[in-house]
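1. based on what follows, work out the 3D shape:
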Amino acid sequence: MDIYILRHAEAEDTSPNCKTDAERRLTAKGERQSADAAAALREMEVSFDLILASPLVRAQRTAEIVAKALRLSKRLETTDDLAPGGDPRSLLAAIGRRAEKLASILLVGHELELSRLISQLLAGRPDLRIELKKAGLCKLTVEELGHDRCATLQWLLTAKQLRRMASCGSKAQG
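-> Presented below is the predicted three-dimensional model:
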């Protein structure tokens, strides 16, 4: 199974319009970052059997932009396990129950949880020094999904790298 992990794009700071962390929306830059990630995934001809996203507004919007661009909106689901403080064991168990039907999955959430999840899957502990920047995308592969040391890192891309990939694809089409 291929597991893609996407950190939400740039979001606004807490303001009078958004009183809680959960309500923070993407900035205009965040909207562009999400579109760039989607375009890069399209260029790589990546598709997903399932897209799971945190319920927080910024992660939901990031996931929606990607899902819409890849024509996968019906495969987008929300899980509290990807919210800050979510339960990675519960998340992995839920994915594991569906693993036979999943060749490729996208997880959209937040830091530090995503870096800790990547670390756990790679090394069996949550403290590897991995930096998943805003709108950064990671690809892991797993033979058999478990809770630790079951994955291989394929790549880790920044939003800037995704933007370059997306712009290369649009130049090739033009």
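2. tell me where this protein has helices.
-> Along the chain, counting by DSSP state H, helices occupy 28-43, 57-69, 88-97, 113-123, 159-173.
3. the third one versus helix 113-123: what angle between them?
-> Angle between the axes of helix 88-97 and helix 113-123 is 70 degrees (criterion: axes from the mean of the first three to the mean of the last three CA atoms, to 10 degrees).
4. may I have helix 88-97 exported as PDB, CA atoms only?
-> Provided in PDB are the C-alpha atoms of helix 88-97 (Å, rounded to 0.1, in the frame of the first residue of the first chain):
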ATOM      1  CA  PRO A  88      -2.500   7.200  15.600                       C
ATOM      2  CA  ARG A  89      -3.200   3.600  16.700                       C
ATOM      3  CA  SER A  90      -6.900   4.100  16.100                       C
ATOM      4  CA  LEU A  91      -6.100   5.700  12.700                       C
ATOM      5  CA  LEU A  92      -3.900   2.800  11.600                       C
ATOM      6  CA  ALA A  93      -6.400   0.200  12.900                       C
ATOM      7  CA  ALA A  94      -9.200   1.800  10.800                       C
ATOM      8  CA  ILE A  95      -7.000   1.900   7.700                       C
ATOM      9  CA  GLY A  96      -5.900  -1.700   8.500                       C
ATOM     10  CA  ARG A  97      -9.500  -2.900   8.500                       C
END
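5. show residues contacting that helix.
-> 52, 79, 81-82, 102, 105, 107, 113, 116-117, 120, 145-147 (CB atoms under 8 Å, 6 or more residues apart in numbering). Any C-beta I mention is one placed from the backbone N, CA and C, and that applies to glycine too.
6. got the buried residues for that helix?
-> 88, 91-92, 95 (16 or more other CB atoms under 10 Å).
7. quick one: the helices of the chain as CSV, columns for distance to Leu132 and mean pLDDT too.
-> Formatted as CSV, those follow (distance: least, CB to CB, whole Å; pLDDT from 0 to 100):
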stretch, distance to Leu132, mean pLDDT
helix 28-43, 12, 97
helix 57-69, 13, 98
helix 88-97, 14, 95
helix 113-123, 5, 96
helix 159-173, 10, 82
